Structure formats: C-alpha cells, structure tokens
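Peer 1: heads up, no residue letters with this:
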C-alpha cells in the first residue's frame, strides 16, 4: 500500500458547478440536462432516410443495497452502472445513444471519489459510443445514491423486421450465469474476515491473495457487454423476438418474459451454462451452484427468445450463445426441467 | 384525529410483483420497464405526417434532503414528483408522453404508504395525459428514495419553428416566486415546535390552525403546471427560444440559461413577481422575501426567453406572464438590477 495519504478535496471547497465543469472538461460531452434525440436519420444528401423509435430505461443503484464500497472500486462501479442501464437498451435491439446520471452524495464523498467514479462512466461511454451524457450532483443523507437513465434508438426498418414472440420460440443465453454471485460471496467473506481483526492489529493486515478467484471476481466487478450486440443481429438479418438483460437472476428474467408476453417457458437444467469456477467456489462456500445460476443476480448476460424456425441459422451465426429451453403455452407456467425430466416451478425474487 | 389504527400491510407479506400488479390494476397503464415511443406520427390515412424528436429528463427526490415526510402527505409527494420531471419537458416545448418511477423503500414503508403515493402519481399522470407509466420497487437502507424519468416528444415541425436564443431576448416568468419556500418554512417551524413537546404531553397536542398560510402552503405542497403550456404556444404560433423549470431558485435558472446559451442576463428586482403572502410571512419569520424569491427553490414556475420583437404579441397572448428582464452580452454576466439602478451579480446554489 502507498503510504502517502491520497488527496481529498471537499466538494464544498470547489462548488458543485465547478466540479461538474471539471468532470466534463476534455470530454466530447457538454453537460446538458435536457437531451434531445432526433427522430429522423438523414442520409448523406440530407433527405430523410429512416425514422427512429425511442426507448428509455431507468435504473438505480443504492449503496448498502446494490453495492458495497468496502470492496467495490469506484471506477468499476461507474463502469458497471453504465452497463446496467445500457443492457436494457441492447436487450430490446435498440442502440444506446444517451445517458443521464444523478448522484446523491453523502458528506464523506470528496472530489477525488467522484472523479474516480466518473472515469469508469467515461470509459464505458466511449466503448459504447454514447453521444450525449449528463450528470447532476446532489446531497444524500446516507450512502452513495445512483440514478441512471439510458435512451436508445431503433430505426423503423429494424422495428418492422423484429419477429413476433410466439410460444414456440427458443430461449437463448449469451453466457454463463451464477459466476458474479459467487464473486460477490468471495468479497463478502473477505469483508467479514477483515472486520473480525481487532483494531490494534489492522496495521498488520495483509491483503489476501484472491488471484485464484480472478474469473468470478471479474464477473462481479467488471462485467462486459459487447457493444456490437445489435449490429450483429442486423448483419445476420436475424433479430430475436424479445430480450431481457439478466441482473436479478435468470429465473426472474424468464418469469418477466412470461408475464409480459403471456407465454409459458421451459428451461432445461442440463443446458444452463455454469462455469467450472462457479461450481468449485460453490463447493468451497458450501452453497448451491444451481441456485446461484438461477437466482444469484448481477450476471449482466442476455436472455433472448428466437423463432424456432431460425434455430439452425442462429446456431451458425452465434455459436457462443446457448439454447437453454423454449417458450410454451401460458398454462404450463415457467418451469425448470431436471435431467430426469421432472418439472419444477421456477421461483424468483419478488414473485 | 381518527382513533382507529390505520391498516399497515408489510410489503413482504404481499410480494413485490403482486404489489406492482395491484398498483396498476384498473389503470390504463401496463407496467413495462421498456417504454418505446414511436418516432413517426402517422396521419389518418396511415401515411407519415410528421416525425417526432425526443427529450428525456431525469430527476431524483431523496427523503431528508428534498422532502420531509413528517409534514409532506405521500399523495402530494407523488403528485409533485411527477411535476418535477414534467416541468423539464414542458420547459423545452416538448409534450410529455411517458414516465418511469423507481422507488427505494426503507423497512418502515408499508403497502398502504405506496398506494397513497401512487394515487398522487396517477392523478398527475391523468391530468397531463401521460401515455406510458412504469414503476420499479427496491429496498433502501434509509429513507424514501425517488427516481423519475420523463420523456417527451416534439414534432419536427415545432422544432423548426422554435426561434434562436439571442442576447436581446426578453426574460419571462409564469408566476410569482418565493412563496413555496415560505410555505416550507411554516412547516419547518411547526415541526420544531412539535418536537419540543415532552413525550408525555404529545397526546394533548392540538394541530395548529394553518389556514392563514393556505396560499404559501399550497405553493409548497401542491404546486400545479398548466398541461396546456405547449399547446398554448402552438396555438399562438409563438414559441419561446428557450425555457427552464424553476425548482432550485430563480437565480440558479437564470445562471444556467446564461451558461448553456453563452449569454448574459439582467433581471430587474422591481419586476420580479412576489406574492403579498410571501412578504408577510417573511416579515413574520424575520427573513428576506427577496432572497426567498431568488434562491428559495420549489417554485415550479417557468422561466422563458422570448424574442424581443415578439414583445407586444407575447403580452397580448399571455397576459399572466411577467417580463422580468432581458438577455445581454455574455461579458455582462448574470445580474440583478435594483430599483436604484445598481447592478448586483446574481448568486445561486452550487455556483
């Protein structure tokens, strides 16, 4: 650890408006609270080529509920907050174009903290080619409070190409689930261990070697979304009928899909991708890897429903995506099918 | 006071998803987290008549910072939260069409509390003809936490009609300022008085008669926005060059206008509308009515810049709007001109 005390500038020293100016200095963005997105896409000759539809997604992240600053670096948190909102835009086959942040800051936050958080935000905005970005800073009684709104556009042509959801669609997953939840549990375990150290011995504390948990930690702390998600569908001329961004567990996403589209769903336990690191960590912590995969949360993967007749083409175009089940009539509900063929009703938080 | 204990149903008893279903039951809304707004407005024959541009505004309200539940009825708070977000849409001459709410709930919140809040939200949505509404419920460590996103549309035709901001524009205000801040201070005074009552004498407490403060209390607790704001501009074929919704004090709105449009501004103290009730309450509380008018906050009025050549027509079409000053070259800054002609640099929170 560095022995120098890091600099801590009080926000009141600088002033809210001056801090906002500094955060946007040297970026491509001007901090306009009113973000206008044009409905028309002109072609090179200035004629109307296509018309945009708009999608808005709002998310919040509250300290102590959705994240813990004892083990979440602020830069990672900023990056992840952007993805949380963008995921909902990509899932619906829209391309994100603008983002708004409102931060509620408790008194212990300093200028350098916000700058660190903002670095993560800017990195994600750059990767995802966000055109407009705004930030509002306010006070909070306790904890760090993040509200994010993302807007995306979709051309009317793309909208017309998206197939309808029907109860024969296949369910596809863009990566393994449960790993982030296991990463979170490693961090929670270390936090508890650290808190047990008596105050007079904290100086002797040596950061434990967490390198063997690298994969699951990265799934929790620095998930990624492919910014070309929608472009790839466009190029393949193969759009999913609907999509969900998995942040609250796979089971919750499946149940939400069933609710919103009035269908049932069967997912096959043997088909759900779970990383070997998730299994071994679950064993180490005496937890159930399957529960982590279904209900863990923070997966940042997509669940897509794809028309069954596109089955083979889909497999060819997107070999890294797993088919985990299919939709069915609503009366069947949302169920998990075990390798033995038993059907278990899916349970999810909030239901 | 009613002696019956009001019913208090725990949210966990009902489940988050069941509560959400109940809140949307019987309304015109389905709670879809992904709100799509069409970019194209078709005419009756189904041809494209016009193309929409799209505006998004995000706001947050945190308990203990932005409101105090000891004296703010939840229904009023819900209504006011909607207006807070819609104000930013109307100010830019867009018509609001969709709203999203995310609520962070501390453990002391029950089903009946949310229902009460939601009544206010629905009333405001009805008044302002909101087409899409969504709600997400989560936990909060402390306090009630509100995030709101509003979306609005503006036809490309209207967008083309909005005049440019120049440094000769007049500054107009849609109502008096400072009254809400005085209303807040009445409520704060009563809260302090109540808190001084010893615990064993609280039962004897008689709600004070606040009827003489009715006007300033209503300005704080139940402000209103005319839902025809944009329609009136459209009918008069007279759009402001730019607009701001005043929530954080008139001075802050003027300074923001100057910042965002690279202009200066002069506002005339003698022209700023202040209600007589604001003056008399300021006297009673030994406060300065002018400071309340400039920096008080919660005014929920609009500041518009209107081309000077439209001066007379503007006065005729909108007799209830006051002209309080004009824009000028940026070097002049944002100043307040006293009746004696002295120029004082405007100060505002955050600057």
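Peer 2: Yep, that arrived. Since this is a predicted model, take the numbers as computed values, not measurements. Residues are numbered from 1 along each chain as shown, chains lettered A, B, ... in the order given.

Peer 1: any weak-confidence spans in chain A?
Peer 2: A:1-4, A:42-44, A:46, A:48, A:351 (pLDDT under 70).

Peer 1: the helix or strand encompassing residue A:51: which residues count as buried?
Peer 2: For residue A:51, the host element (DSSP states H and E) is strand A:48-62. For strand A:48-62, a neighbour-count test (16 or more other C-beta atoms under 10 Å in any protein chain shown) marks A:50-62 as buried. Every C-beta, even on glycine, is put in place using the N, C-alpha and C of the backbone.

Peer 1: that one and chain B in contact?
Peer 2: Yes: under the criterion of C-beta under 8 Å from any C-beta of the partner chain, chain B is reached by strand A:48-62 at A:48, A:51-60, A:62.

Peer 1: how about the residues you listed in CSV, adding distance to residue B:225?
Peer 2: As requested, the residues of strand A:48-62 next to chain B are exported to CSV (distance: C-beta to C-beta, whole Å):
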residue, distance to residue B:225
A:48, 33
A:51, 30
A:52, 28
A:53, 27
A:54, 23
A:55, 26
A:56, 21
A:57, 25
A:58, 21
A:59, 27
A:60, 25
A:62, 29
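
Peer 1: and these, which two are the farthest apart?
Peer 2: Farthest-apart pair in these is A:48 and A:62; separation 42.7 Å (C-beta to C-beta).

Peer 1: what does the stretch 201-350 of chain A put close to chain B?
Peer 2: A:259-260, A:349-350.

Peer 1: would you confirm that residue A:138 contacts residue B:60?
Peer 2: Yes: using C-beta atoms under 8 Å, residue A:138 is in contact with residue B:60, at 6.7 Å.

Peer 1: hey, what's in contact with both of these two?
Peer 2: Here residue A:138 and residue B:60 have A:102, A:104, B:66 as joint contacts, going by C-beta atoms under 8 Å, 6 or more residues apart in numbering or on different chains.

Peer 1: for the stretch 51-200 of chain A, just list every one of the helices.
Peer 2: A:74-91, A:111-127, A:156-161, A:179-195 (DSSP state H, counting those that start in this stretch).

Peer 1: now do the contacts for the closest residue to chain B within the stretch 201-350 of chain A.
Peer 2: In the stretch 201-350 of chain A, the residue that lies nearest chain B is residue A:350 (3.7 Å; C-beta to the nearest C-beta). By C-beta under 8 Å, 6+ apart, the contact set of residue A:350 is A:248, A:252, B:15-17.

Peer 1: from the residues you listed, which ones fall inside helices?
Peer 2: A:252, B:16-17 (DSSP state H).

Peer 1: and the strands in the stretch 251-351 of chain A?
Peer 2: In the stretch 251-351 of chain A, the strands defined using DSSP state E, counting those that start in this stretch lie at A:264-268, A:301-306, A:322-328, A:334-337, A:343-345.

Peer 1: run the angle between the third one and strand A:264-268 for me.
Peer 2: Note on geometry: by axes from the mean of the first three to the mean of the last three C-alpha atoms, to 10 degrees, strand A:322-328 and strand A:264-268 are set 150 degrees apart in direction.

Peer 1: which parts of strand A:322-328 are buried?
Peer 2: Applying a neighbour-count criterion of 16+ other C-beta under 10 Å, one finds A:322-328 buried in strand A:322-328.

Peer 1: so which of those comes closest to residue A:293?
Peer 2: Using C-beta to C-beta, those come closest to residue A:293 at residue A:324, 10.3 Å.

Peer 1: OK, contacts around the closest one?
Peer 2: A:171-173, A:267-268, A:271-273.

Peer 1: could you list the domains of chain A?
Peer 2: Domain assignment for chain A by automatic domain parsing gives A:11-34+A:41-159, A:170-345.

Peer 1: what residue of chain A is the furthest out?
Peer 2: Here chain A reaches farthest from its C-alpha mean at residue A:200, the gap being 39.6 Å by C-alpha atoms, centre = their mean.

Peer 1: stretch A:13-30: end-to-end distance?
Peer 2: Length of stretch A:13-30, first residue to last, C-alpha to C-alpha, to the nearest Å: 23 Å.

Peer 1: contacts for it next, please.
Peer 2: A:11, A:31, A:111, A:114-115, A:118, A:122, A:125, A:132-135, A:137, B:259, B:349-351.

Peer 1: list the buried residues for it?
Peer 2: Residues of stretch A:13-30 classed as buried by neighbour count (16+ other C-beta under 10 Å): A:16-17, A:19-20, A:23-24, A:29.

Peer 1: also stretch A:304-320?
Peer 2: Buried residues in stretch A:304-320, counted by 16+ other C-beta under 10 Å: A:304-307, A:310, A:314, A:318.

Peer 1: residues in contact with residue A:123?
Peer 2: A:75, A:78-79.

Peer 1: now swap in residue A:218 and tell me
Peer 2: Residue A:218 is in contact with residue A:183, counting by C-beta under 8 Å, 6+ apart.

Peer 1: surely it is within a helix?
Peer 2: Yes: assessed by DSSP: H, G, I helix; E, B strand; the rest coil, residue A:218 belongs to a helix.

Peer 1: quick check: it vs residue A:275, distance?
Peer 2: Using C-beta to C-beta, to the nearest Å, one gets 11 Å for the distance from residue A:218 to residue A:275.

Peer 1: check residue A:228 too.
Peer 2: Counting by C-beta to C-beta - residue A:228 and residue A:275 are separated by 23 Å.

Peer 1: out of the residues of the stretch 201-350 of chain A next to chain B, which comes closest to residue A:93?
Peer 2: So of those, ranked by how close each gets to residue A:93 (C-beta to C-beta), first place is residue A:260, at 15.3 Å.

Peer 1: now the spatially closest residue to the closest one that is not a sequence neighbour: how far from residue A:87?
Peer 2: With C-beta to C-beta, 6 or more residues apart in numbering or on different chains as the criterion, residue A:260 has its nearest non-adjacent residue at 6.6 Å, and that residue is residue B:32. For residue B:32, the distance to residue A:87 equals 16 Å [C-beta to C-beta].

Peer 1: neighbour count winner among the two?
Peer 2: Neighbours were counted for residue B:32 and for residue A:87 using other C-beta atoms under 10 Å in any protein chain shown; residue A:87 has more, 25 against 13.

Peer 1: tell me which residues touch that one, please.
Peer 2: By C-beta under 8 Å, 6+ apart, residue A:87 lies in contact with A:225, A:245, A:247, A:300, A:302.

Peer 1: ok, 6 Å please
Peer 2: Applying C-beta atoms under 6 Å, 6 or more residues apart in numbering or on different chains to residue A:87 gives the contacts residue A:245.

Peer 1: okay, it and residue A:234: tell me how far apart.
Peer 2: Distance from residue A:87 to residue A:234, counting by C-beta to C-beta: 18 Å.

Peer 1: identify the residue nearest the geometric centre of chain A.
Peer 2: In chain A, the C-alpha nearest the mean C-alpha coordinate belongs to residue A:84, at 3.4 Å (C-alpha atoms, centre = their mean).

Peer 1: what's the closest non-adjacent residue to that one?
Peer 2: Leaving aside its sequence neighbours, residue A:84 sits nearest to residue A:59 (C-beta to C-beta, 6+ apart; 4.9 Å).
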